[in-house]
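Q: structure, please.
(2 chains)
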There are 2 protein chains.
Amino acid sequence: MKVGFIGFGEVASNLSKWLKDEGVESYTSLENRSSKTKKLAEEYAANICPDNKTLAELSDILISAVTPAEAVNVAEEVGKYVKGIYVDLNNISPQTVRKALGNIENGKTVDAAIMGGIKKEGVKVQIIASGRCASQFAGLNKYGLNIKIVNHDPGKAKALKMLRSSYTKGVSALLLESLYSAYMMGLDKEFLENLERTECPGFKNSAISRVKSSAIHSQRKAQEMDEIINFMIEYGHIIMSKSTKEVFKDIYSKISHDKRYENYKELFESIK
Amino acid sequence: MKVGFIGFGEVASNLSKWLKDEGVESYTSLENRSSKTKKLAEEYAANICPDNKTLAELSDILISAVTPAEAVNVAEEVGKYVKGIYVDLNNISPQTVRKALGNIENGKTVDAAIMGGIKKEGVKVQIIASGRCASQFAGLNKYGLNIKIVNHDPGKAKALKMLRSSYTKGVSALLLESLYSAYMMGLDKEFLENLERTECPGFKNSAISRVKSSAIHSQRKAQEMDEIINFMIEYGHIIMSKSTKEVFKDIYSKISHDKRYENYKELFESIK
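A: Numbering: from 1, shown residues only, chains lettered A, B, ... in the order given. From the prediction side, this is the model:
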């Protein structure tokens, strides 16, 4: 079993490590890749192919894990060379993944999405998969991955990721707004403790981490909300999604985007 | 120890029962009360006083549990007769509770709020309390109540309840919007299951119950959001709160307000 990666950033290097621990060799090509990719490929001891064509021909499963802007281009580039199964694992919309997968001439394609942070300590993040060859891709569960099949329609995995993201980003925006008001009233501690009692164990720490992450990544999150809104508008209302985007835009306009906060109180002091 | 209730609806009758189980007698007056109140007072065997004046003079702790519109009026009516501690447990704003408590001439007052459903099976709902006599009120914890002191500023208990409500109602609105889109894409089951994995055990059932309750009580919830917005606007942003209100208004305009839904799918079919 040979697993190829187009792009070898954080996602590919983590998956490659998990596969290697189970005896599966990874392959990548450094053609058109950044120096960061080269360094990670060396560090994780991926086998290097001379070019993307060779990589596509050799891989039983070829996983595209590049930046959203590159996703369609790399599929166009390797489309006629792919011999095995082609998996798009990029952070793109259902429409865009269908466009990318349309370039794979053998038609053996999978739409996949990572549902959470790749680096969460001690937990292998779930990858959801849809598309014609989702079941074959899920065969990698024998080798240490955590893949769940949604169904066989390409685009459904990305759709599910966007739906999830619209909810979780909305919760972050809600927390940012209500916890800020609580802080201004001197009731932030009581607010978090009270919700922890009725919402979920661990609510308080998770809420604080969401608020900090919302602030630090506010620009990217506002952009991601734009994509979510473009997608969701076909299916339902986007009242909450539009406000979620506004909250991220608003916080970005108030803070320097690369500022790090030890806790939410520092953040709130800085935007007061 | 004599505990008096002005108003004997769902809240008072439940508290009265918990106190009685611990040997504390409840008192109420039927002056100006509805036939429903009379029935509940009989059913729960509360001792009946001839009028509110007698009730106020006799009670060691007098709890006001009436409709929001009556809260200030009853405090004005009994203000000069209160001998013990006066507790406002009504669903009103921090501003309004300060107005109500200002009528209690002996100044022995408590601002209190019920943080959750009074009738949750097997759990005694938490009552939070602020104001000068909050500690004395919390003495009822010896007799089966679950009172937590916030601090001694009147209005803080109502403020905390409103903050909590802005968050939990926001979550309901977010769920209504994102689950509806998921339903329209045929991904509602997967959406709920995926969030249950990463958000909280029990997420799925809680989400479905929130969506159904949002629809059934949409008119009341939209009105409550108005009060929350009026209050929060002094302290921070209300981007998410305004959208939350819009979602409740929107669902109310689409459905008959007293319709009951066995599950969210029936609801979504009816508004599709």
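
Q: run the chain-centre distance for the helix or strand encompassing A:Ala138.
A: Under the criterion DSSP states H and E, the helix or strand holding A:Ala138 is helix A:134-138. Once both centres are worked out by CA atoms, centre = their mean, to the nearest Å, helix A:134-138 turns out to sit 19 Å from its chain's centre.

Q: surely A:Lys148 forms part of a helix?
A: No: the secondary structure assignment for A:Lys148 gives strand rather than a helix, going by DSSP: H, G, I helix; E, B strand; the rest coil.

Q: what does the closest residue to it other than its chain neighbours show for phi and psi?
A: Among residues not flanking A:Lys148 along the chain, A:Ile128 sits closest, at 5.2 Å (CB to CB, 6 or more residues apart in numbering or on different chains). C-beta: built from backbone N, CA, C; applies to glycine. Note on A:Ile128: its backbone torsions stand at phi -100, psi 150 [degrees, to the nearest 10].

Q: could you say what helices and strands the helix holding A:Ala138 packs with?
A: strand A:85-88, strand A:109-114, strand A:147-149 (3 or more CB pairs under 8 Å, 6 or more residues apart in numbering or on different chains; DSSP states H and E).

Q: and the next element down the chain from the shortest one?
A: By that I understand strand A:147-149. Read in the C-terminal direction, the helix or strand following strand A:147-149 is helix A:156-184, with elements assigned using DSSP H and E.

Q: do a quick rundown of the helices in chain A.
A: When assigned using DSSP state H, the helices of chain A occupy the ranges A:10-21, A:35-43, A:52-58, A:71-78, A:94-101, A:134-138, A:156-184, A:188-198, A:203-216, A:218-232, A:239-254, A:264-271.

Q: doesn't A:Gln219 make contact with A:Lys252?
A: Wrong residue type there; residue A:252 is Tyr, not Lys. Yes: under the criterion of CB atoms under 8 Å, A:Tyr252 lies in contact with A:Gln219, with a separation of 4.9 Å.

Q: how about the residues of the stretch 1-150 of chain A by chain B?
A: When proximity is defined by CB under 8 Å from any CB of the partner chain, the stretch 1-150 of chain A lies next to chain B at A:Met115, A:Gly116, A:Gln126, A:Ile128, A:Val150.

Q: using pLDDT, spot the least trustworthy of those.
A: When these are compared on pLDDT, A:Gly116 comes out least confident, at 82.

Q: with adjacent residues omitted, what lies nearest to it?
A: Going by CB to CB, 6+ apart, A:Gly116 has A:Val125 as its nearest residue, at 4.7 Å.

Q: how far off helix A:10-21 does the helix or strand of chain A with the lowest mean pLDDT point, in degrees?
A: Using mean pLDDT, DSSP states H and E, the weakest-scoring helix or strand in chain A turns out to be helix A:35-43, at a mean of 86. Using axes from the mean of the first three to the mean of the last three CA atoms, to 10 degrees, one finds that helix A:35-43 and helix A:10-21 are set 10 degrees apart in direction.

Q: need the pLDDT of the closest residue to A:Lys249 other than its chain neighbours.
A: In space, not counting the residues next to it along the chain, A:Lys249 is nearest to A:Ala222; the distance is 4.7 Å by CB to CB, 6+ apart. Turning to A:Ala222, the model gives it a pLDDT of 93.

Q: can you count the residues close to A:Ala222?
A: Counted with other CB atoms under 10 Å in any protein chain shown, the neighbours of A:Ala222 add up to 20.

Q: quick one: it and A:Ser166, what's the gap?
A: Using CB to CB, to the nearest Å, A:Ala222 is found at 13 Å from A:Ser166.

Q: now A:Leu192
A: A:Leu192 is 24 Å from A:Ser166, where distance means CB to CB.

Q: using CSV, write down the CA coordinates of the helix holding A:Ala138.
A: Backbone C-alpha positions of helix A:134-138 (Å, rounded to 0.1, in the frame of the first residue of the first chain) are rendered in CSV as follows:
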residue,chain,number,x,y,z
ALA,A,134,-15.2,6.6,0.0
SER,A,135,-15.3,2.9,1.1
GLN,A,136,-11.9,2.1,-0.4
PHE,A,137,-10.4,5.2,1.3
ALA,A,138,-11.9,4.1,4.6
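
Q: that one - what's its average pLDDT?
A: The model assigns helix A:134-138 a mean pLDDT of 97.

Q: please apply the same query to stretch A:182-193.
A: Model confidence over stretch A:182-193 averages 96 on the pLDDT scale.

Q: what about that stretch and chain B, touching?
A: Yes: applying CB under 8 Å from any CB, one finds stretch A:182-193 touching chain B at A:Ala182, A:Met184, A:Met185, A:Leu187, A:Glu190, A:Phe191.

Q: any chance of a markdown table for the residues you listed, columns neighbour count?
A: Supplementary listing: these in a markdown table, determined by neighbours: other CB atoms under 10 Å in any protein chain shown:
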| residue | neighbour count |
| --- | --- |
| A:Ala182 | 29 |
| A:Met184 | 15 |
| A:Met185 | 23 |
| A:Leu187 | 24 |
| A:Glu190 | 22 |
| A:Phe191 | 24 |
